[in-house]
Each structure stands twice: as C-alpha cells, then as structure tokens.
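Peer 1: Turn this into a model:
(one chain, ligands or ions: 1)
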Amino acid sequence: MSNTTKFYINGEWVDPVAPKLFDVINPATEEPAGQISMGGAEDVDRAVKAARAAFTTFSKTTKEERLALLHRIIAVFESRMDDLARAITAEMGSPLWFAMQVQTNTTLEHFKEAAKVLKDYDFGHMLGGTTRIVREPIGVCGFITPWNWPINQVASKFAPSLAAGCTCVVKPSEMAPLSTIILTEILHEAGVPKGVFNLVNGDGPTVGEAISRHPDIDMVSFTGSTRAGILVAKAAADTVKRVHQELGGKSANIILPGADLEAAVSAGTLRAFTNTGQSCQAPTRMLIHQDQLAEATAIARRTAEAVVVGDPLAEGTRLGPLVSEAQFDRVQHLIRIGIEEGATLAAGGLGRPAGLNRGYYVKPTVFSDVTPAMTIAQQEIFGPVLSMLPYKDKDDAVAIANGTIYGLAGYVWAGSLEEAREVGMELRAGRIYLNGAPHGKLQDVEAPFGGYKQSGNGREAGIYGLEDFLEIKAILGYEMA
Ligand SMILES: NC(=O)c1ccc[n+]([C@@H]2O[C@H](COP(=O)([O-])OP(=O)(O)OC[C@H]3O[C@@H](n4cnc5c(N)ncnc54)[C@H](O)[C@@H]3O)[C@@H](O)[C@H]2O)c1
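Peer 2: Reported below is the predicted structural model:
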C-alpha cells in the first residue's frame, strides 16, 4: 500500500487539491497505523467529473463485459485477502481471525453475489402488448461508508452498482480508510475502467457533505449513524437525488419460554458482542420472560465473563479494542448512564479490562432489569454492552421489541419453529433471524439487508441490492398494437 495520501481519480493516484494529512490510529496500540489526506469539495468535483465521463461508456457495456470484470475483481481480491485483513485489524481493531474469516470473506461474497445476480438478471421485459419496461443504471453514485465493517460496506454498494453499470465516488470512513485503499489497488489491477471507481478520503462534514450536495451525483448511498444519515438526506434534498440509507439499530432478541434457555442466552450474548459490539444489526436488547430473568442473567454473566478481550493479533482473542478513543468514551458514558438509571450491572462495567492499560478496550458488559424507557434500552451503544429486559407475555415482548426508533433486525428463539415464525412476523424490522439462524456467507447471501423506520430505507444484497441502482423506464408503443 503506497498511495495512502493520494486519491484515486480517473484511474490514477493523484495528489489532493490542497494537502491536509491525517493519522489513522491503530486502536490496539494508540499509535498511527498509516496516514491519509483529507480532501475537500474540489477533490470531489474532480472525481465526479471522471465518474460522469466514464458513465457515458460504462453504462453501455454489456452484461457479459461487466460479468467478466467482476470475475477479474474476484480473482485479484482472493490474492490480497491477507493484506486486507491485516489492514482492517490495524485500522479498527478487529481480531485478525475475524477480519479474515468474516470481514474480508463477506466482502468477497458481495462480488460473487453481484456476479451471480447479474448473470441471470433480465434488464427488460414487455408489459402488456405494446409497452417495454427497461431498467437502466441510475448514473453516478456517491458512497459514504462507516468504519465498523470498512470494506464490506464499500463492496455491498460498489459490487451491485458495477453490475448495474453505474460509476461512483467513494468516501470511506476517515477512521478506517486503509483497507479501502487496498481494495482500490485491487480494482485497478483487475482493470476497472478509468472513472468507474473513484476514491476521495476525508471527513463527513467536508467530503461527505460535498458528495451529498453534488448536483451531478444521481444517487447517494450512505451507511452510518442515523444522525449523519439525516444530514446526508437533507443535503441531498435540493438536487432530488436518490438517497439510500443504511443506518443504526437497537435490535431485539426475543427469547420465548419454550426455547433452550442456556443455548439461546449464551448465543445471543456472544452475538451482541460480535465485532466488539460494533455491528449495526447486533441483538443488543435481549428480551426474557420475567420468570426466567434471574436464570438468564446468570447465563449471560457467565458467557460475558468467559469472553477473551485483548490484542487483536493474538490467537484466541475474541474481542479487540473499540475503534477510537471517542468511541471508548461514548461507550463508557452509556455504561455510566445505565448504572445511574438503575439497571443491574451483571457483568463488566466501567474501565478497561484488567491488564489492558493501552488500547481502547472495554469490558464485555451485561445489564439486567433494564426497562424500555432507559437510555440503554433505546440508544445504540456500539460497544459490547447487552441490555436484558423482562417481558410479561408475547404481546408485551413484541411491543417492547418494536418500541424504539430503529428497525434493522430482529431475533426470535422459541421452542418450535412455528412459534418463532409467528413472533418474527410481528417485528417491524428488515431482517429477522429465527432460532439462531446464521448471517451472511454461511447462509443465503442474497437475503436483502436493510432497515425499517429510522434504520434506513434501502436494501443491499441479492437482486434487491442490484435494483436499488436501477431506474425504470417505460417505453410505450414499443410494439405495434
Ligand atoms: N444499517 C447498516 O447497514 C449499517 C452498517 C454498518 C454500520 N451502520 C451504522 O454506522 C454507525 C457507525 O459508524 P460511524 O460511526 O462511522 O457512523 P457515522 O455516521 O459517524 O459515519 C459514517 C460515515 O458518514 C460520514 N459522515 C459523518 N457526518 C457526515 C455528514 N454530515 N455528511 C456526510 N457524511 C458524513 C463519516 O465520515 C463516515 O464516512 C452506527 O450507527 C451503525 O449502526 C449501519
């Protein structure tokens, strides 16, 4: 990786219009892991011009040409997976095994899935006797992405956009941009035509805002916090571009009395801690029947206390540090609020785990006796903090589960699949996991991903992800009546 302080525009690594360096901090060591440049509106302009020029030709490429390109990307990607995983670990603290087996692997799956969907996708069909419906690439896209799944979030947008025939300008999170720089090298080596993929690093209020406002960008696809997603939508409104938002979550995990309590609670606790709790769809609210709360709390405590937190490069580490000092402070603040508002601290709590004095490590934390009105039952914490809430009956559980501004995912564990299905249907969320169903690569990669309510308005993955990058054109009189 040699171009970290440059941007990738029109197929070349170029210097920013105005130099402004920024250290990317390794959260395990608190030392710089690399340096990038922070761009400005003029860099975005240059990138948009390149993407617009490329759109003229790339949008006319055949399905076979784009399929061949996706296959070339997959081949080069497979040869750089180790570099990618190491960059992810260095920039955001993911344990190396997780960065490789999950973060990098799911990214690869997005390219494979886009190729599979494209192969069978029909971009046109007749409607009635005389009208033809065609689906065309929406145009130049702006992608603004977060640090928690750094390249996965770029690929979940870029792969289907490429399959559709769009071009793009990408701004990864300034906290974790290094893996996207490697991804850019991969795309260059795979022969992505110049201008199809452009990278401008920078912060949200400068580069992100310039992308959101830009009059020559047709669609902005944003993944990040609901707070920033709202700002993006407001900045985009004047140009009526399409706004695709993948935002925050506070997903409920309803464990019904018939479920195997030990299995459901221990699996649910570990799942809430996935990616050190920095996952938008993490089941961070565990809903337990009031008669089982004490037993379930003991299981969650045991599970949390057995979790190994430490150096992300060390073998056996399950949780690394949080991404940044700011995130560490935010999580500490919310743990403090949980205690002050009267929740029972069952495991973890304030401060770093014993023996970890450097790095943004937090203790895997479990709160019990949480009520729906508490801050830790409503706000996304984005750290390994589980809130356990008692419910009276099934209706109460569903009402609590649906009682936040979010609607990204929902989880149900029941004694029978039928009962799990029935409760799952009541949840106002875009993704429901029944009885511990796995996510991603392990099962049905084409299952759409996206939120209800303030968790967003778009869908990624599979045919749904592709169609979010397409316009629909109706050509009346295409055939003679
Ligand atoms: N729904 C999903 O698919 C999904 C996936 C991953 C993460 N997330 C969410 O992302 C959040 C964590 O990531 P984060 O802390 O990087 O989020 P964030 O909102 O702070 O930042 C996300 C991106 O938006 C940019 N940004 C910030 N302010 C902006 C502005 N005013 N205009 C334009 N861009 C701006 C940032 O620079 C970054 O690139 C969590 O809320 C999490 O739930 C959602």
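Peer 1: what separates the residue nearest the centre of the chain from the ligand, distance-wise?
Peer 2: Centroid check for the chain by Cα atoms, centre = their mean gives Q153 as the closest residue, at 5.0 Å. Using Cβ to the nearest ligand atom, to the nearest Å, one obtains 6 Å as the distance from Q153 to the ligand. All C-beta spots, glycine's among them, are computed from the backbone N, C-alpha and C.
Peer 1: what does I186 give?
Peer 2: On the measure of Cβ to the nearest ligand atom, I186 and the ligand end up 20 Å apart.
Peer 1: my guess is that residue contacts I74, does it?
Peer 2: No. In this structure I186 lies outside contact range of I74 using Cβ atoms under 8 Å: 9.7 Å.
Peer 1: check contacts around L319.
Peer 2: Residues in contact with L319, defined by Cβ atoms under 8 Å, 6 or more residues apart in numbering, are 95, 273, 276-277, 307-310, 361, 364, 384.
Peer 1: which residues sit in contact with the residue nearest to the centre of the chain?
Peer 2: Counting by Cβ under 8 Å, 6+ apart, Q153 touches 145-146, 223, 246.
Peer 1: Would you mark the buried spots in the helix or strand where it lies?
Peer 2: For Q153, the element it lies in under DSSP states H and E is helix 150-164. Of all the residues in helix 150-164, those buried under the rule 16 or more other Cβ atoms under 10 Å are 150-164.
Peer 1: average pLDDT for it?
Peer 2: For helix 150-164, mean pLDDT rounds to 98.
Peer 1: One more: stretch 98-113?
Peer 2: Stretch 98-113 comes out at a mean pLDDT of 94.
Peer 1: Could you shift the numbering so residue one becomes 49, and keep it that way?
Peer 2: Done: numbering now begins at 49, and the last item shifts to stretch 146-161.
Peer 1: what about that stretch, near the ligand?
Peer 2: No. Using Cβ under 6 Å from any ligand atom, stretch 146-161 stays clear of the ligand, coming no nearer than 11.6 Å.
Peer 1: That stretch: how far from the chain's middle?
Peer 2: Here the centre of stretch 146-161 is set off from its chain's centre by 12 Å, with Cα atoms, centre = their mean, to the nearest Å.
Peer 1: Over to it now: how far is its first residue from its last?
Peer 2: 21 Å (Cα to Cα, to the nearest Å).
Peer 1: From the rest of the structure, what touches that stretch?
Peer 2: Counting by Cβ under 8 Å, 6+ apart, 118, 121-122, 125-126, 129-130, 132-134, 136-137, 142, 197-200, 202-204, 207-208, 231, 323, 360, 488-489, 493-494, 509-510 sit against stretch 146-161.
Peer 1: try 7 Å
Peer 2: Under the contact criterion Cβ atoms under 7 Å, 6 or more residues apart in numbering, stretch 146-161 has outside partners 118, 121-122, 125-126, 129, 132-133, 136-137, 142, 197, 199-200, 203-204, 207, 323, 488-489, 493-494, 509-510.
Peer 1: The ligand next: which of the contacts of Q201 are close?
Peer 2: Within the contacts of Q201, those near the ligand by Cβ under 6 Å from any ligand atom are 193-194, 271, 294.
Peer 1: of the contacts of L367, buried ones?
Peer 2: The buried subset of the contacts of L367 - by 16+ other Cβ under 10 Å - is 143, 321, 324-325, 355, 357-358, 409, 412, 432.
Peer 1: follow-up on the earlier one: list just the nearest of the ones next to the ligand among the contacts of Q201 to T77.
Peer 2: Using Cβ to Cβ, P194 comes nearest to T77 of the ones next to the ligand among the contacts of Q201, at 21.8 Å.
Peer 1: That closest one and M223 touch, don't they?
Peer 2: No. The criterion here is Cβ atoms under 7 Å, and P194 misses it with M223 at 8.4 Å.
Peer 1: who's more crowded, these two?
Peer 2: Remark: of P194 and M223, P194 carries more neighbours, 24 against 20, as counted by other Cβ atoms under 10 Å.
Peer 1: contacting residues around that one?
Peer 2: 201, 221, 271-272.
Peer 1: Compare the residues you listed and tell me which is most surrounded.
Peer 2: Q201 (28 neighbours).
Peer 1: Kindly provide the distance from it to T419.
Peer 2: 33 Å (Cβ to Cβ, to the nearest Å).
Peer 1: just G407 next, same as before
Peer 2: For G407, the distance to T419 - Cβ to Cβ - is 33 Å.
Peer 1: what about the two, which has more around it?
Peer 2: G407 (20 against 14).
Peer 1: thought the more buried one was touching V371?
Peer 2: No. At 11.1 Å, G407 does not count as touching V371 under the criterion of Cβ under 7 Å.
Peer 1: shared neighbours of the two, anything?
Peer 2: Contacts common to G407 and V371, judged by Cβ under 7 Å, 6+ apart, are P75.
Peer 1: residues making contact with stretch 511-519?
Peer 2: 165, 169, 183-186, 189, 204, 208-209, 211-212, 214, 292, 494, 496, 506-507.
Peer 1: Pull out the buried members of the residues you listed.
Peer 2: Buried, going by 16+ other Cβ under 10 Å: 165, 169, 183-186, 189, 204, 208-209, 211-212, 214, 292, 496, 506-507, out of these.
Peer 1: Return only those of these found close to the ligand.
Peer 2: Okay, of the buried ones among the contacts of stretch 511-519, nothing touches the ligand (Cβ under 6 Å from any ligand atom).
Peer 1: In helices, which of the residues you listed fall?
Peer 2: 165, 204, 208-209, 211-212 (DSSP state H).
Peer 1: so which of those residues comes closest to I73?
Peer 2: Among these, S204 lies closest to I73 (Cβ to Cβ), at 25.1 Å.
Peer 1: Quick check: chain neighbours aside, which residue is closest to the closest one?
Peer 2: E508 (4.6 Å; Cβ to Cβ, 6 or more residues apart in numbering).
Peer 1: more crowded one of I234 and I122?
Peer 2: Using other Cβ under 10 Å as the criterion, I234 and I122 rank with I234 on top: 23 against 18.
Peer 1: Leaving out the residues flanking it, which one is nearest to that one?
Peer 2: V124 (4.8 Å).
Peer 1: SS state for the one you found?
Peer 2: Classification of V124 by DSSP: H, G, I helix; E, B strand; the rest coil places it in helix.
Peer 1: who touches it in this structure?
Peer 2: Contacts of V124 (Cβ under 7 Å, 6+ apart): 234, 237-238.
Peer 1: Out of the residues you listed, which sit inside strands?
Peer 2: If you go by DSSP state E, the contacts of V124 have nothing in strands.
Peer 1: Alright, calling it a day.
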